[in-house]
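*Asks:* Sharing a sequence plus its predicted fold:
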Amino acid sequence: MAIEDFAFLIPLLPALAFVVTFFFGKKMYSGGALIPIGAIALSCIISILITINLLQNPEEVVHQSIHWFAILNLGILIDPLAAVMLSMVTFVSLLIHIYALGYMSHDPGKARYFAETALFTAAMLGVILSDNILQLFICWELVGLCSYLLIGFWYQKPSAAAAAKKAFLTTRVGDVMFLTGIIVLFSGIFKIYNGNLPEGVYVLQFSEMFNLIPQLSAMHTTILGFEVSQLTIITLLFFGGAVGKSGQFPLHVWLPDAMEGPTTVSALIHAATMVTAGVYLVARTFPMFMGAPDALIVVAYVGGFTALFASTMGIVMNDIKRVLAFSTISQLGYMMLGLGMGAVVGMEAVGVSMFHLINHAFFKALLFLCAGSVIHSVGTQDMRQMGGVGKIMPITFITMLVASLALAGFGIPGTSIGTSGFFSKDAIIETTYLFAEHTGNYIPYIFGIVAALLTSTYIFRLLFMTFTGKPRTNYGGHESPSVMTVPLSILAVFALIFGVLTQTKFYHFLEVTFENSFVHVNIEHLAELGNYDLVHNPGHEPLFILWLPVIVGVAGLVISYLIYYKKVVDMSTIVSRNNPVYKLLYNRYYQHQIFIELIALKITYGLSLIGEFIDRKIIDGIIDGISDGTIAIGETIRKVQTGVVQSYATAVIAGVGLLIILLKLIVEVQ
Amino acid sequence: MLNKSINATVALLFFAVVALAVVGTSWAVVDELPQNVDDQSNIEAIGVLVFTQFVIPFEVLSIVLLGALIGAIYIAKGEVEQ
Amino acid sequence: MIPLTYYLILSTIVFTIGLYGIMTQRNGVRLLMSVELMLNAANINLVAFSSHNNDMSGQVFTLFSIALAAAEAAIGFAILLSIYRMRDMIDVDNINLLRW
Amino acid sequence: MANYMLLAPELVLTLVALAIMLAGLFFGPNNKNILGYVAGVGLFAALCLTIGGLTVNETLFYGTMTIDALSQFFKIVFISVSLLVTIASIKYTEGNKNADEFFTLLLFSTIGMMVVASANDLITLFVGFELASLSTYALAGFEKNNPKSMEAALKYFIIGSLSSALMLFGISFVYGMTGTTSIPGIAENAGALASSPIGLIAVVMLIAGFGFKMALVPFHMWAPDTYQGAPTVISALLAAGSKKMGFVAAFRVFVVALALLSPNWQTAFAILAVITMTLGNVVAISQTSVKRMLAYSSVAQAGYIAIAFAVMTPMALTGGVLYTLSHAFMKTGAFLVVAVVGYMVVSDNKNAKDIDHLDNFKGLAKRMPLTAFAMMVFVFALSGIPPTAGYMSKFILFSSTIESGLVWLAVIAILNSALSLYYYARIVKYMYFLPASGGKISEPKPYAVAIILALAGVLIIGIWPEPFVYWAMEAAKVLMV
């Protein structure tokens, strides 16, 4: 029996683990945690074996499908894209589960916790494995539901309950767009076949959808005076779903609040399961984006802007987990930016972006688990109360340092020395440069490079504030138990070397995703449909361009070092503005820091504060405002219902009269 | 009183709309309503119809009356407080 | 002979009176009477049309609708009676526990 | 001669109803609720008989009744709802010495709905309509010592009789212009009606008459008050069963009989659908009584189904018909959950006020896990989250709307279903995330059985929709001839 025959077990095992743990977990050792761990470990082994098999025989795509409801089906599809995601998700989820064994050991609700995380993982695996968009959507909703339950895990805390609701409702906005996209797609396909859907063809299967791309892009609708192809509408609606799930601007508001759950849940959401679903959706339907004019450009701009916007906010946060949350949003922005670059590099964009996704999963899971380890020991999430933690928790410190270097993308261009983030993030920045060179549009590139500077600044700020210096409060603390540090170390190794090991292999592996026995897609041809001008022989970038991301990374490190370690500037004077800049000008000793003062602090910090203001007040405000407004309208309208029956009768009679007049007018106009 | 004037307006609106439609409709022209000169009574014809064509509504009507009877008696019946 | 339109206008007037009554009357019994007016307006229509079209089913319908109106009145008075017993009044204006 | 066996479900129910009425004389007040089992068995027999006649297509009794896929579909909807309500009512009527009247009236109203589903003549339709209405007026006021229940009955009755007067007035015009009351006959002779202004009047009056049952805005205003005040099991019957009677009557009268007037009523239904779903959802948000909230949600759901009339393609009708089935299970289930919670509150505290208040749902997951889970499924189904019945129906309905070019209507509907999640999720939050105020309670068996059956219905239609969609398609075909 070949390993492919067990593919269906990948989502099934965690799902079964959910059932067992949910019902019997309470009576078992450690809340029945070992069941999900075992199940996910098995899923992980199967996934990795399938991936290895695919590496050797790229044609052996796993595809199984059963008939479900006339023209639809249930099925699993494991092509290279799905295979790498599966391996990553199961692996990272496994480590997080093991870590949670220690982290959640004192929580009374741990049986519920492990049951829900198992379901969460199962749902995410379902998203990845689906061979049709409808099944993907169903699992996608299940992911949303689980995140709601897990973010609100400590539901006794009002803030946790509120955050859970916010996450659920905000992502639902995206989900509704996604669903609308599916409905538009379905009705488009229905129209193409003229209502006679052929027997035995599953219309919402990816292969069928991709086959119909030319017809879909030929259908046009007029919206607000613009003629738009049906395909563009569908892809933008899909992207709307991805925006919600992957925390892109402006639907990112839920992600920072989602910190209210246990830290392991944050790690699971941010690294492995939930937020990557949006990126995966765009990657999965990438051929459709290739065929849709301007859809990819929208993806690129939204992603680039999110990357920059979120990183400015990372600088001003004092809650260690919030910094990481904004960091996630920013990195997801990078992934979207990378996918958007498909406009010039075609299929390679998926490779670049997915590579960053995988690397990000490793170092972001690591960052969160390190943060969790610190919180576990120090008992606070506020970095202002930490300081000097590195001395007590050396392993955590070292692994955190590795993760930070990976996030900031340290490495030496032109060689194969570098952290995983170096290979993937810099690759995205390089493709944006290619885009700039090719189209003369430097905006995505600027987004990318500035965000890289800010990324490095905030992550080292976090590192210096937390781990160096003297303790600012008396928190005690101790190194975490080995059940927590071992997963940290494993993840650290991956964060460090995964990029070196896999870089070129990874791209080649993913390139064949859409040209295999299941789907046959000609990206070049689709690019013509979408009016994209692909670059065929990318020239070598100037040395400066290769080095620039690293340089800004180092610059960020230096800035943070000077401010938060050396304390050359007292933050409080800057913030309170009691100490105007001109005073410093008199003092020759500070002269060489004016640059840093002005640029790095006044401007960046100011911008960050503005960014935060926009985020808190305006975007949050709009979203809250809409809901408050609706509630207020509801409150008003319900008063019409006076309780007196004659007023009801009047409404009926007036309704009849008005309806007659209205119809008379409308029908006559028609 | 404001309320009454609103109600009157609604009623007049309704009347105007329906009456206009009635007048504006060209009913099939019959100068004189047909009369059955021999037998002024329709009772026999109605009786036949009720027991042939409309026997089902008639039977259902019996259930309606029974249901109304039960419902009305139940609701109107004074009960000793328990 | 009387043209059909006269019957129809008459029934419309009766119907409108019923509507006006149901909107303005506070006493439950008067409300019921208004409803009866409206049903009877429809009955006028049915009979007029039946005669006009020389088709008996309209008159059968009228008979049925008279029987139904009786059943409806029975239920209506029962409900009013029960409310009267509970609250000593049948002003529908004041029966507004359930609202908003 | 006609095959009387085709009317067997109605006959069985009538006989069972009469038998219950008589048997009531011989039972003491403490065990009258046993008659509920008799009613349940009768309904189950009727259900089997109806399913047995699923493929029949015949017209009986001089064309006043028709048995076809559409009528059978709706009859099964009605019988299922009544069956669920009956099972739950066995507990509700415990110790009530008027249980016999309760079940008799319940069966009578079911018969009325079934007659409407089969009606092929406006007279039959009207009489059936009245049978269902009159029995439910009395049922809404079943708690005759409870001022709220009586108020609910009064409001329901007044608006109901106003609507039937409007409907009869509308019917009289249709009859006048076409010279017949038979539905196929009207369809043949509707030419003159379509070209004269009186046609519009008749259409709007009929919409008002059916819209009262469907609870379309602005004919809906009785519904929140009545659903809130009536006994909860009866609210379930009204929201899930008698509402559907409005739809099947409208299907017969508009889509079949008045097809030539479709420009009029399609526009009317499009307008009403938009107003109805928006108002229903917006007002539902600010409700604190769960029954009232479900009532407004039910108003909103009627708006979704009304889309089927506005679109009028075979696929849209399939979606609309399927939606009625899904909605029957979702809504009955949700109301029965409210009934169980009411039972729980009363058993906590005999003199509890506002037993349907949202606060009573706090921590329900701890107190009654099964009920809480079922409620979660029901509200998610109502808001259209997969894989539930509500999702499948909405998917078909909304895709057909887009496909027919009414994109704006679909967009409004989708936005509305997103909005609805706001208040549905609130219930889930209360049940799962707020602390419980009492210990664990086991649900009374009859309630539990009814809720599990409804839950099974919602999930089966959601997970294995194929046979149901085919079935709904068959029913919709009847309309498209």
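*Replies:* Sure thing, it's come through.

*Asks:* How many residues are close by the closest residue to chain D within chain B?
*Replies:* Residue nearest to chain D within chain B: residue B:71 (2.9 Å; Cβ to the nearest Cβ). All C-beta spots, glycine's among them, are computed from the backbone N, C-alpha and C. Neighbour count of residue B:71, defined by other Cβ atoms under 10 Å in any protein chain shown: 28.

*Asks:* next one: residue A:323
*Replies:* Residues near residue A:323, counting by other Cβ under 10 Å, number 25.

*Asks:* Equivalent analysis for the one 3 residues further on, please.
*Replies:* One way to gauge burial is a neighbour count; for residue A:326, by other Cβ under 10 Å, it gives 29.

*Asks:* so what's the closest residue to the residue of chain B closest to chain D other than its chain neighbours scoring on pLDDT?
*Replies:* Excluding its sequence neighbours, the residue lying closest to residue B:71 (Cβ to Cβ, 6 or more residues apart in numbering or on different chains) is residue D:138, at 2.9 Å. Here, the pLDDT recorded for residue D:138 equals 92.

*Asks:* Any idea how many residues pack against residue D:138?
*Replies:* Neighbourhood size, residue D:138 [other Cβ under 10 Å]: 29.

*Asks:* same question, the one 3 residues further on
*Replies:* Burial measure for residue D:141: 30 neighbouring residues, criterion other Cβ under 10 Å.

*Asks:* Equivalent analysis for residue C:5, please.
*Replies:* 14.

*Asks:* Distance of the residue of chain D found nearest chain B relative to residue B:74?
*Replies:* Nearest to chain B, among the residues of chain D, is residue D:138, at 2.9 Å (Cβ to the nearest Cβ). Note on residue D:138: its distance to residue B:74, by Cβ to Cβ, to the nearest Å, is 6 Å.

*Asks:* Contact residues of chain B facing chain A?
*Replies:* Selection of chain B residues close to chain A by Cβ under 8 Å from any Cβ of the partner chain yields B:6-7, B:10-11, B:13-14, B:17.

*Asks:* For chain D, tell me which of the residues you listed show up nearby.
*Replies:* residue B:17.

*Asks:* Can you say which of the residues of chain B next to chain A are buried?
*Replies:* Neighbour-count burial (16 or more other Cβ atoms under 10 Å in any protein chain shown) applied to these gives B:7, B:10-11, B:13-14, B:17.

*Asks:* and residue A:227, that one's in a strand?
*Replies:* Yes: judged by DSSP: H, G, I helix; E, B strand; the rest coil, residue A:227 forms part of a strand.

*Asks:* Excluding sequence neighbours, find me the nearest residue to it.
*Replies:* Closest to residue A:227 by Cβ to Cβ, 6+ apart is residue A:220, at 5.1 Å.

*Asks:* and if you look at residue A:201?
*Replies:* Nearest to residue A:201 is residue A:208, by Cβ to Cβ, 6+ apart, at 6.1 Å.

*Asks:* Please apply the same query to residue A:171.
*Replies:* Residue A:171 sits nearest to residue A:244 (Cβ to Cβ, 6+ apart), 4.5 Å away.

*Asks:* What mean pLDDT does the helix or strand containing the one you found get?
*Replies:* Here residue A:244 sits within helix A:230-245, counting by DSSP states H and E. Here helix A:230-245 scores 85 as its mean pLDDT.

*Asks:* so what does it touch, helix or strand wise?
*Replies:* Packing contacts for helix A:230-245, counted by 3 or more Cβ pairs under 8 Å, 6 or more residues apart in numbering or on different chains; DSSP states H and E, involve helix A:133-151, helix A:158-192, helix A:213-218, strand A:220-223, helix A:275-284, helix A:286-291, helix A:295-316.

*Asks:* Make CSV from these and add mean neighbour count and mean pLDDT to it.
*Replies:* Shown next, in CSV, are the helices and strands packed on helix A:230-245 (neighbours: other Cβ atoms under 10 Å in any protein chain shown; pLDDT from 0 to 100):
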stretch, mean neighbour count, mean pLDDT
helix A:133-151, 24, 83
helix A:158-192, 22, 79
helix A:213-218, 18, 78
strand A:220-223, 12, 70
helix A:275-284, 27, 86
helix A:286-291, 28, 83
helix A:295-316, 25, 83
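
*Asks:* about what we covered before: measure how buried the residue nearest to residue A:201 is and give me the count.
*Replies:* Residues within reach of residue A:208, counting by other Cβ under 10 Å, total 17.

*Asks:* Packing partners of the helix or strand that contains it?
*Replies:* Residue A:208 is located in helix A:206-211, with elements delineated by DSSP H and E. Packing partners of helix A:206-211 (3+ Cβ pairs under 8 Å, 6+ apart): helix A:158-192, helix A:286-291.

*Asks:* do you know which of those lies nearest residue D:478?
*Replies:* helix A:158-192 (22.2 Å; Cβ to Cβ).

*Asks:* Could you figure out how far that closest one is turned away from helix A:230-245?
*Replies:* Counting by axes from the mean of the first three to the mean of the last three Cα atoms, to 10 degrees, helix A:158-192 lies at 170 degrees to helix A:230-245.

*Asks:* Could you see whether chain D lies near the lengthiest helix in chain C?
*Replies:* Looking across chain C with DSSP state H, the single longest helix is helix C:57-87. Yes: applying Cβ under 8 Å from any Cβ, one finds helix C:57-87 touching chain D at C:57-58, C:60-61, C:64-65, C:68, C:71-72, C:75-76, C:78-80, C:82-83, C:86-87.

*Asks:* related to what we said a few turns ago, pull the contacting residues for the residue nearest to residue A:171.
*Replies:* Counting by Cβ atoms under 8 Å, 6 or more residues apart in numbering or on different chains, residue A:244 makes contact with A:170-175, A:177-178, A:251, A:278.

*Asks:* so which of these comes closest to residue A:290?
*Replies:* Closest to residue A:290, out of all of the contacts of residue A:244 and judged by Cβ to Cβ, is residue A:278, at 18.0 Å.

*Asks:* distance of that closest one from residue A:173?
*Replies:* Taking Cβ to Cβ, one finds residue A:278 at 13 Å from residue A:173.

*Asks:* Also residue A:550?
*Replies:* 38 Å.

*Asks:* cool, and residue A:627?
*Replies:* Distance from residue A:627 to residue A:173, by Cβ to Cβ: 11 Å.

*Asks:* What is the burial count for residue A:403?
*Replies:* For residue A:403, using other Cβ under 10 Å, the count is 31.

*Asks:* Settle this for me: it is touching residue A:493, isn't it.
*Replies:* No: counting by Cβ atoms under 8 Å, residue A:403 sits too far from residue A:493 to count as a contact (11.4 Å).

*Asks:* Give me the buried entries from the residues of helix C:57-87 next to chain D.
*Replies:* The buried subset of the residues of helix C:57-87 next to chain D - by 16+ other Cβ under 10 Å - is C:57-58, C:60-61, C:64-65, C:68, C:71-72, C:75-76, C:78-80, C:82-83.

*Asks:* Also near chain B: which of these, exactly?
*Replies:* Okay, of these touching chain B (Cβ under 8 Å from any Cβ), that's C:57, C:60, C:64, C:68, C:71-72, C:75, C:78-79, C:82.

*Asks:* ok, for residue D:433, nearest residue in space, not its chain neighbours?
*Replies:* residue A:155 (3.4 Å).

*Asks:* Surely the one you found is in contact with residue A:162?
*Replies:* No: look at residue A:155 against residue A:162 with Cβ under 8 Å: they stay out of range, at 10.3 Å.

*Asks:* All set now, cheers.
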